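1. Take a look and give me a structure for this.
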Amino acid sequence: MTVALVWLAVLMGAVTYPSRALPMLAPGIERLPPIVLEYLGLVGPAVLGTLAAVNVATVAGTDAQASFHVGIAWLAIGLSVAVVVWRRNLFVGLFAAVLVTAAGRSLGFD
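-> Predicted structure coming up:
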């Protein structure tokens, strides 16, 4: 196990922190134009979606080359997107994805 990606996670946290902390640090943020508020609300899901797509679509092989991979995670991501669209709740969608992934992996699917 390597810790090389820890620095990437720290960097991503530092890059996305200002947009996440803006409501706490800027008084009167509710007076911003609606398009700006919508953009700030979509930064978190966009970063989460990007991280999920990279982790679902590629798997490091034995020779340290990334390869395309189709597994139980694709089903979990699809279910998560469908549940989020249906229920309009990110937590419920993520919870459904975790349950499907855990059940699939316990049954031996990768």
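
2. So which elements touch the longest helix belonging to the chain?
-> Longest helix in the chain, counting residues (DSSP state H): helix 34-57. Packed against helix 34-57 by the contact rule (3 or more CB pairs under 8 Å, 6 or more residues apart in numbering; DSSP states H and E) you find helix 4-25, helix 72-87. Using the backbone N, CA and C atoms, a C-beta is placed for each residue, glycine as well.

3. Kindly present those as JSON lines, with separate columns for mean pLDDT and mean neighbour count.
-> Output for the helices and strands packed on helix 34-57, formatted as JSON lines (pLDDT from 0 to 100; neighbours: other CB atoms under 10 Å):
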{"stretch": "helix 4-25", "mean pLDDT": "80", "mean neighbour count": "11"}
{"stretch": "helix 72-87", "mean pLDDT": "88", "mean neighbour count": "16"}
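
4. How about residues contacting the longest helix of the chain?
-> Around helix 34-57, the neighbours that count as contacts under CB atoms under 8 Å, 6 or more residues apart in numbering are 12, 16, 19-20, 22-23, 29-30, 68-69, 71, 73-74, 77, 90.
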